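# sequence and computational prediction follow.
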Amino acid sequence: MTSLARPSLTVGIVFFGLLLSAGCKRDNGPDTGIIVEVTTDLRVPSDINQVHLTAGDSQGNILHEETFDLGEGPNRVLPPFRVGIYPLHDTATPIHIEAVGQLDTASQPVASRSATLSFIQGKKVVLQLPLLAVCKDVACKVAYSTCQADGKCGSDTVDSKNLPTYVPNQPAPDTTGGTTAGGGTTSAGGTTTTGGTTTSGGTTSSGGTTTTGGTTASGGMTTSGGTTSTGGTTTAGGTTASGGTSGSGGASADGGTPPPSCSGLAATCGPSGTGDCCASLLVPGGAFYRSYDGVTYTNMSYPATVADFYLDKYEITVGRFRQFVNAGMGTQASPPVAGAGVHPGITGSGWDSTWNTNLAADPNSLSTAMSSSSCGSYATWTATAGSDESKPVNCLDWYTAFAFCAWDGGRLPTEAEWNYATSGGNEQRYYPWSSPPTSTTIDDSYAVYCGGSCNGTQNVGSKSPKGDGKWGQCDLAGNVFEWTLDWYDTYYQMPCNNCADITDASASHRVVRGGYFYNGASYLRSAGRYYNYPWEVFVNIGARCARTSL
C-alpha cells in the first residue's frame, strides 16, 4: 500500500472518540464498523506511553487517525483497549488499518500487525492489532527519524467475514502470554488472522499532538487522561482499557474493574432488581437543537454539537453513594484533586480547589446533611444501609455530585450532553421515550412523577424499558432532577461545539433537568431546563454521571 496522504484539515488536540469528520453522518454507526483491539506481546505493557492508529484507503488517503496518550502513573491505560472505526465510504472498499506504539524508554516505535479488510454492511467485527517489540524498517517508516530494530512492512489481507462479531460486553483477551507475535493472532471469538507482524508504511505521526493537562479542542473523548488527534470515533461498547470503568450493561468495560461505587456492590437496579447499577451506555455524538421539541418549544436558534460520550444508565443510587461516603471522600478532609472530573473538550471544567470549602467537613457531617432530619421526609439517604439502596440518592448539592462523579471515574454531563441524550439526538423527542418524537404520551408506566400518584422516589430503572431514552438510559424524566455541569443563564452559549457555561461571572445557579417525582408532566419534557443554587440540597435533586470513555 502506498503511504497514506493526509486530507486537508486542521489537526487539533482532541480526545478519544471524536467523530471522523464534521460531515460524517452516523446512519450506519450503530450497525456497521470495525472494532480495532490494540493488544501487546510486551511483558511490561506499561512501557508503552502512546499508540497511534491510522486507517486509509487504497489511494493512500487517511480516513481515520488518532493518537492515544495512555497517561502516567496510576492513571495509565494499559492494553488491551478497543477503538471503533465507522465507514466513511462504500463499505465494499478495502481499508488499511495499522497501529504503532511508542515506548517510554526509547525513541523507537513499537510496530503492530497491520491489515487490509472491508466493512460488512450491518455488522461490527473485531480485528486484533498486537503491538510488537520491534520498530518499522527504515525503508517503511514515515515519521520516525531512527529505527533501532529490524522490522518488516508487510500487511495481511483479512477476510472480514471470518472475524468475530463485536459483542459489547465481551471481555478483551488477557494478553499476558496469550498473543502470538508474527505467526498469527487469535482474536476474541477464536478466529486467527495470519501473516506478518508489522505495518505497511502508512503515514504516522510521532505521537501526534498531545497535552499534559487534559484540555482539548472541540469535541472528543478520553481514556484516563488519554488524548487523540483529530479523526477518531468510538462505537457502542466503546474503548476498553484494562482496569477500565463501567461498560455498556456491566460493572466493567470489556473485562475491566468496576468503578469504585460498584466495587463489591450487588446488582440491584432496573425493573427486575438484577441490573448492574454502574452500567454506562454510549451516546453517539451529533448535532441537535437545544430546548427544542417541535411541539411546545419550537425555537431552533440554539444548535449544538456534542461528541460521543457515555452516560450512566441509572441515576446515582443510595448504595453507590454509600461506597463514596464510606471511603471518606467528597469532604473538606478528602476533596477531589484539582482538575478531577474534567470534560476533555472544555478547558477549566475540572474541579476547582476553591470549591473545597463548599463540601461537608467530614463524612458524618455529609451524612447528617442528607438525612431526613435535615433534608425532609422524602430523603433517601440513611446513615446505615436499609431498604432504599436502589433508589436515587437525593438531597445532593452540586459540589458533592461533582465530587462523586470525579471519584467514580466520570464527570457531570454538560447541559448540552444531557439535553442531547434525553432528546434522542436529532430526533428531538418530546419526552425521552417519545415515538414518534412529537408524541406527548405519558402516564405512570413511563416515569416516576405526579401522574396518577405522587409517592416519592422509586428504585432506579423501575419504569424500564418503557420509559427509557433512545440509548437505553432510565429515568431521564422523573424520579429526581439531575445536576449538569453548567451555570444557568437566560441565553444559551453560542456557538456550541462540546460547550458548557463554566465561566459566567454573573450566574448564581447551576442547571438541573429532568423533573422529579412530585412534578406534573410538563416538567418532564426533554426541552425543559431549570436551576438551583449549587450549595443547596433538596429532596428533588440527584445526579447521574457521564463518562468520556470506558
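Now that the structure is in, tell me what you want to look at. Numbering: from 1, shown residues only.

# okay, CA-based contacts and neighbour counts for the rest of this
Noted.

# tell me how many other residues crowd the residue nearest to residue 394 when sequence neighbours are not counted.
Leaving aside its sequence neighbours, residue 394 sits nearest to residue 542 (Cα to Cα, 6 or more residues apart in numbering; 4.5 Å). Counted by other Cα atoms under 10 Å, the residues lying close to residue 542 total 25.

# how near is residue 542 to residue 373?
In this structure, residue 542 and residue 373 are 18 Å apart, going by Cα to Cα, to the nearest Å.

# residue contacts, the residue nearest to residue 394?
When contacts are counted by Cα atoms under 8 Å, 6 or more residues apart in numbering, residue 542 is found next to 315-316, 392-397, 401, 480-483.

# how about it, phi and psi?
The phi/psi pair for residue 542 (degrees, to the nearest 10) reads phi -130, psi -140.

# tell me the confidence at it?
pLDDT, residue 542: 98.

# and the gap between it and residue 478?
From residue 542 to residue 478 the distance is 11 Å (Cα to Cα).

# now swap in residue 507 and tell me
Residue 507 is 26 Å from residue 478, by Cα to Cα.

# same question for residue 363.
Where residue 478 is concerned, residue 363 sits at a distance of 28 Å (Cα to Cα).

# could you do residue 492 as well?
Applying Cα to Cα, the value for residue 492 to residue 478 is 24 Å.

# any idea which of the contacts of residue 542 has the most stuff around it?
Each of the contacts of residue 542 was scored for neighbours by other Cα under 10 Å, and residue 480 scores highest at 34 neighbours.

# about what we covered before: residue 363 and residue 478: which has the busier surroundings?
residue 478 (29 against 20).

# now do the contacts for the closest residue to the more buried one other than its chain neighbours.
The shortest distance from residue 478 to any non-neighbouring residue, by Cα to Cα, 6+ apart, is to residue 516 (4.2 Å). Applying Cα under 8 Å, 6+ apart to residue 516 gives the contacts 448-449, 477-481, 523-524, 540-541.

# show me the residues you listed that map onto helices.
Of the positions in the contacts of residue 516, not one sits in helices, assigned by DSSP state H.

# where does pLDDT dip in the stretch 101-250 of the chain?
Applying pLDDT under 70 to the stretch 101-250 of the chain flags the ranges 103-113, 132-156, 168-250.

# no, scratch that, I was asking about the chain
The model of the chain has pLDDT under 70 over residues 1-30, 40-47, 58, 60, 71-80, 88-90, 103-113, 132-156, 168-256.

# just the helices in it please.
Secondary structure of the chain, counting by DSSP H: helices at 318-326, 363-369, 372-375, 398-407, 415-422.

# okay, angle between the longest one and helix 318-326 too, please.
What separates the directions of helix 398-407 and helix 318-326 is an angle of 90 degrees, with axes from the mean of the first three to the mean of the last three Cα atoms, to 10 degrees.

# residue 368 and residue 374 touch, don't they?
Yes - using Cα atoms under 8 Å, residue 368 makes contact with residue 374 at a distance of 6.7 Å.

# what's the end-to-end length of stretch 508-515?
Stretch 508-515 stretches 20 Å from its first residue to its last (Cα to Cα).

# can you tell me what sits against that stretch?
With contact meaning Cα under 8 Å, 6+ apart, stretch 508-515 is reached by 398, 415, 449, 476-488, 523-526, 528-534, 541.

# so which of those belong to strands?
Here DSSP state E is the test, and these give 481-487, 530-532, 541 as lying in strands.

# which among those gets closest to residue 69?
Here the nearest of the ones in strands among the contacts of stretch 508-515 to residue 69, counting by Cα to Cα, is residue 485; it sits at 25.4 Å.

# give me the number of residues near the closest one?
Counted by other Cα under 10 Å, the residues lying close to residue 485 total 25.

# can you tell me how far the closest residue in space to it that isn't next to it in sequence is from residue 525?
Counting by Cα to Cα, 6+ apart, residue 414 is the residue found nearest to residue 485 once chain neighbours are left out, at 4.8 Å. Computed as Cα to Cα, the residue 414 to residue 525 distance reads 18 Å.

# do residue 81 as well
Distance of residue 81 to residue 525, computed by Cα to Cα: 37 Å.

# same deal with residue 492?
18 Å.

# ok, now residue 50?
Counting by Cα to Cα, the gap from residue 50 to residue 525 is 43 Å.

# also residue 275?
26 Å.

# could you do residue 372 as well?
Distance from residue 372 to residue 525, by Cα to Cα: 29 Å.

# domain assignment for this protein?
1-240, 243-550 (automatic domain parsing).

# so residue 275 and residue 525 - more neighbours on which side?
Higher neighbour count among residue 275 and residue 525: residue 525, with 26 against 20, using other Cα under 10 Å.

# how about the nearest residue to that one once chain neighbours are set aside, what does it touch?
Once flanking residues are discounted, residue 525 sits nearest to residue 431: 5.1 Å by Cα to Cα, 6+ apart. Taking Cα under 8 Å, 6+ apart, we find residue 431 in contact with 422-423, 437, 439-440, 477, 524-526.

# report how many residues lie close to the closest residue to residue 124 other than its chain neighbours.
Closest residue to residue 124 apart from its sequence neighbours, by Cα to Cα, 6+ apart: residue 33 at 4.5 Å. For residue 33, the neighbour count with other Cα under 10 Å is 25.

# residue 33 reaches residue 95, doesn't it?
No - between residue 33 and residue 95 there is no contact under Cα under 8 Å: 11.5 Å.

# find residues that contact each of these two.
Shared between the contact lists of residue 33 and residue 95 (criterion: Cα under 8 Å, 6+ apart) are residues residue 119.

# residue 537 is in contact with residue 379, correct?
No - between residue 379 and residue 537 no contact is recorded; they are 10.1 Å apart, counting by Cα under 8 Å.

# so those two - more neighbours on which side?
residue 379 (23 against 19).

# from residue 370, how far off is the more buried one?
Relative to residue 370, and taking Cα to Cα, residue 379 is found at 7 Å.

# need the overlap of contacts for those two.
Jointly contacting residue 379 and residue 370 under the rule Cα under 8 Å, 6+ apart are 394-395.

# against residue 478, how distant is residue 439?
For residue 439, the distance to residue 478 - Cα to Cα - is 17 Å.

# let me have the contacts of residue 431 in a markdown table, extended by distance to residue 325.
Listed next are the contacts of residue 431 as a markdown table, based on distance: Cα to Cα, whole Å:
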| residue | distance to residue 325 |
| --- | --- |
| 422 | 29 |
| 423 | 33 |
| 437 | 40 |
| 439 | 41 |
| 440 | 40 |
| 477 | 27 |
| 524 | 30 |
| 525 | 33 |
| 526 | 32 |
